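Pasted the sequence and its predicted model underneath.
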Amino acid sequence: MLEESLLNKLKEHAEYFPRKEQAILMCLHEVQNHYGHIPQFALEEVAKLLDLPLNHVESVVSFYDMFDRGEPARHRIRVCVSIVCELMNKDRLIKALKELLGIDFGQTTKDGRFKLIAVQCLGACSEAPFFMIDEDSYKFESKEKLHEILSRYA
Amino acid sequence: MRSYPVMPNIYAETTLDMLLKRAKKPKVHTIEDYLRDGGYQALEKALNMDPQEIVEWVDKSQLRGRGGAGFPTGKKWKFAIQNPAPRYLICNADESEPGTFKDRVIIERDPHLLIEGMIISAYAIGANEAFIYIRGEYTAGYYILRDAIEEAKKMGFLGKNILGSGFDLEIYVARGAGAYICGEESALIESLEGKRGFPRIKPPFPVQYGLFGRPTVVNNVETLCNIPFIIKLGWEDYRYIGPSDYPGPKLFPVSGKVKKPGVYELPMNTTLREVVYKYAGGTINNKKVKAVFSGALDCFSAEELDTPMDYSPFGFGGTGTVIVLTEEDDIVKMCLKIAEFYAHESCGQCTPCRVGTYEQANLLHRIIQGIATERDWEGFDFVNQYIQPTSICGLGAVAGRLIRQTMKKFPEEWERYRKLVSV
């Protein structure tokens, strides 16, 4: 069962759109924000709420990159590995992140705090090398500054 | 005011003070800011016009779609209104091509310009429901748009009987979830219906068969932001902005090896050279420009810096995305980044694109590692030509394009890798 507060949020999304099946991506974003990934039982709850077959929800989850069925993490760090960040030496950022967190792409820190994810262009190329933590956007400046930013996420 | 997720501090500059009049300042402009600058006056004027007349004006303004294809906006609207109501308007805010971040500054800093443009456009094409589909990674933009729509509703610019005109409109905001393909209009529509973002086979086009099977106009953010100016100025005066064949302001997101990367609003008779040197401050450490990539679409060499930033056959075209590479950069290695992008973003629906983009990246990787055989080179040559004519949508159609252009324009760069052929 989903927690009451989360379920209410999902219901709000379902009621917001002219047709409730349109709320599927919004609902999945909420689920992931809540649990740090998308657990199996939540797929069934979303399917029930939106009157969709489970296999439809599954097909949607597996299509969209931002949704994560793997190990949960409290915060996800998305690092751009596209052309502009490559030109602007994204490897400095990646090296600093790996050193500070002790993990590689696709991995989660032992305490479940951070997951490191390589992504395509995040659309802020004048700020390259660029990364996001959850909903926040950052330009990489130095390892020290990065350390300070990471400390804001408990 | 509520607080939003941390936004990037993108530099923005304008010589025209139109689309970036407010957005050049890194702040979320409220409806009060917008009204102080004469905001929503174009809407008032438009609601006193016949919808058909607005469509005529937009057609005569020669506005072209700013989302990449450059299709005339008025023509698209005319196709749509030939088909019976209900019709839908969708704003494509799924900006995701490498190097492209122009729509973002308007969404995050001047949402009411977009909303006013959408209300006028919806009125013109006879839509009572409109949608903004914003990419999942533009988190702040989503909340900003939701709040701005509430502000507009309170002022009577949205909802029932807008400003006493009898016209009703609701605008809904939907978030994507990390799929570049959803910027393709039919894939966007599928996604907005709550499905996988698989492009549809066309025809029928969205203006005939779009959202829920109804006639639908899909316009880019920047395109819709031009509409209030066309109404305010009148189509004749609008056409005096920039060159007469390609009028109106254009946003150019500039990144890569330049001193002042950012978004520049300029007329389209600007040249690529001016964008790089006059506006973006020239290259870092004054290195020689080697190439400019227009997103993941086209490659221009240093000899082509006098290209006009317009939609003519030899113009810069596309979304106006400028990625600057200098003498220090390896063209072939940067082609790998482009190939990886397409491989990653292929939706997987059709085989030529799914397999072709994967093989293109895979073989290019071997080429760069120096382990490609003659057969790999042949395969690479074949695959990046074959994806184009056999794919369902535009992604496959362009997946090999920039790479092939670099082979023509930088043969010596490719030759270096050819010498590494193993047996």
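Okay, I see it.

so where do the helices sit in the stretch 251-400 of chain B?
Under the criterion DSSP state H, counting those that start in this stretch, the stretch 251-400 of chain B contains helices at B:272-273, B:331-345, B:351-369, B:374-390, B:394-398.

Next, count neighbours for residue B:406.
Taking other C-beta atoms under 10 Å in any protein chain shown as the neighbour definition, residue B:406 ends up with a count of 22. Placement of C-beta: from N, CA and C, glycine included.

which residues does it contact?
Residues counted as contacts of residue B:406 (C-beta atoms under 8 Å, 6 or more residues apart in numbering or on different chains) are B:291, B:299, B:331, B:332, B:335, B:413, B:414.

wouldn't the third one be in contact with residue B:291 here?
Yes - counting by C-beta atoms under 8 Å, residue B:331 sits close enough to residue B:291 to count as a contact (6.3 Å).

Give the residues shared as contacts by those two.
B:325, B:406, B:410.

Where do the strands of chain B begin and end?
B:12-14, B:87-93, B:127-134, B:170-175, B:216-220, B:249-256, B:262-267, B:289-294, B:298-301, B:322-326 (DSSP state E).

And the ones you listed: which comes nearest residue A:124?
strand B:249-256 (9.1 Å; C-beta to C-beta).

just curious, which of the contacts of residue B:406 is nearest to residue A:82?
residue B:335 (12.9 Å).

Once you drop chain neighbours, what's closest to that closest one?
The shortest distance from residue B:335 to any residue that is not its chain neighbour, by C-beta to C-beta, 6 or more residues apart in numbering or on different chains, is 4.9 Å, and that residue is residue B:403.

neighbouring contacts of stretch B:6-20?
Contacts of stretch B:6-20 (C-beta under 8 Å, 6+ apart): A:124, A:126-127, A:130, A:136-139, B:21, B:23-24, B:26, B:101, B:104-106, B:108, B:113, B:140, B:222, B:225-226, B:229, B:241, B:249, B:251, B:260-267, B:279.

rerun at 7 Å
With contacts defined as C-beta atoms under 7 Å, 6 or more residues apart in numbering or on different chains, stretch B:6-20 is touched by A:124, A:126-127, A:136-139, B:23-24, B:26, B:101, B:105-106, B:108, B:140, B:222, B:225, B:229, B:241, B:249, B:251, B:260-267, B:279.

Kindly check the end-to-end length of it for me.
The straight-line separation of the ends of stretch B:6-20 (C-alpha to C-alpha, to the nearest Å) is 21 Å.

okay, residue B:331 and residue B:291: which has more neighbours?
Using other C-beta under 10 Å as the criterion, residue B:331 and residue B:291 rank with residue B:291 on top: 24 against 21.

and the closest residue to the more buried one other than its chain neighbours, how many neighbours does it have?
Nearest-residue entry for residue B:291: residue B:325, 4.6 Å, with adjacent residues in sequence omitted and distances by C-beta to C-beta, 6+ apart. Residue B:325 has 22 neighbours, counted by other C-beta under 10 Å.

Go ahead and flag the most central residue of chain B.
Relative to the mean C-alpha position of chain B, the nearest C-alpha, by C-alpha atoms, centre = their mean, is the one of residue B:67, at 3.1 Å.

hmm, stretch A:101-120 touching chain B?
Yes - Stretch A:101-120 reaches chain B (C-beta under 7 Å from any C-beta of the partner chain) through residue A:120.

Start and end of that stretch, how far apart?
Span of stretch A:101-120 from end to end, C-alpha to C-alpha: 21 Å.

right, so of the helices of the stretch 251-400 of chain B, which gets closest to residue A:66?
Between residue A:66 and the helices of the stretch 251-400 of chain B, the tightest spacing by C-beta to C-beta is seen for helix B:331-345, at 13.3 Å.

I'd like to know which elements that closest one is packed against.
Under the contact criterion of 3 or more C-beta pairs under 7 Å, 6 or more residues apart in numbering or on different chains; DSSP states H and E, the helices and strands touching helix B:331-345 comprise helix A:83-87, helix B:351-369, helix B:401-409, helix B:411-418.

Let me see the mean pLDDT of it.
Predicted confidence along helix B:331-345 averages 97 (mean pLDDT).

Residues touching that helix, excluding its own?
Under the contact criterion C-beta under 7 Å, 6+ apart, helix B:331-345 has outside partners A:82-83, A:86, A:120, B:98, B:180-181, B:290-291, B:296, B:325, B:357-358, B:360-361, B:364-365, B:368, B:395, B:399, B:402-403, B:406, B:410, B:413-414, B:417.

8 Å instead?
Outside helix B:331-345, the residues touching it (C-beta under 8 Å, 6+ apart) are A:81-83, A:86-87, A:120-121, B:96, B:98, B:179-181, B:290-291, B:293, B:296, B:325, B:357-358, B:360-362, B:364-365, B:367-368, B:395, B:399, B:402-403, B:406, B:410, B:413-414, B:416-417.

Identify the bridge partners of the closest residue to residue A:107 other than its chain neighbours.
Nearest-residue entry for residue A:107: residue A:116, 6.2 Å, with adjacent residues in sequence omitted and distances by C-beta to C-beta, 6+ apart. The residues listed as beta-bridge partners of residue A:116 by DSSP bridges are residue A:77.

For burial, what's the neighbour tally of residue 136?
All of this is about chain A. Taking other C-beta under 10 Å as the criterion, the count of residues near residue A:136 is 18.

think we crossed wires, I meant chain B
20.

ok, the residue nearest to residue B:335 - contacts?
With contacts defined as C-beta under 8 Å, 6+ apart, residue B:403 is in contact with B:335, B:338, B:339, B:360, B:364, B:384.

Tell me the pLDDT of residue B:258.
As predicted, residue B:258 sits at a pLDDT of 98.

which residues does it form a beta bridge with?
Using DSSP bridges, the bridge partners assigned to residue B:258 are residue B:283.

shaky segments in chain A?
Under the criterion of pLDDT under 70, none of chain A is flagged as low confidence.

which stretches of it form helices?
Chain-ordered helices for chain A, with DSSP state H as the definition, fall at A:4-16, A:24-35, A:40-50, A:54-63, A:83-87, A:90-101, A:143-150.
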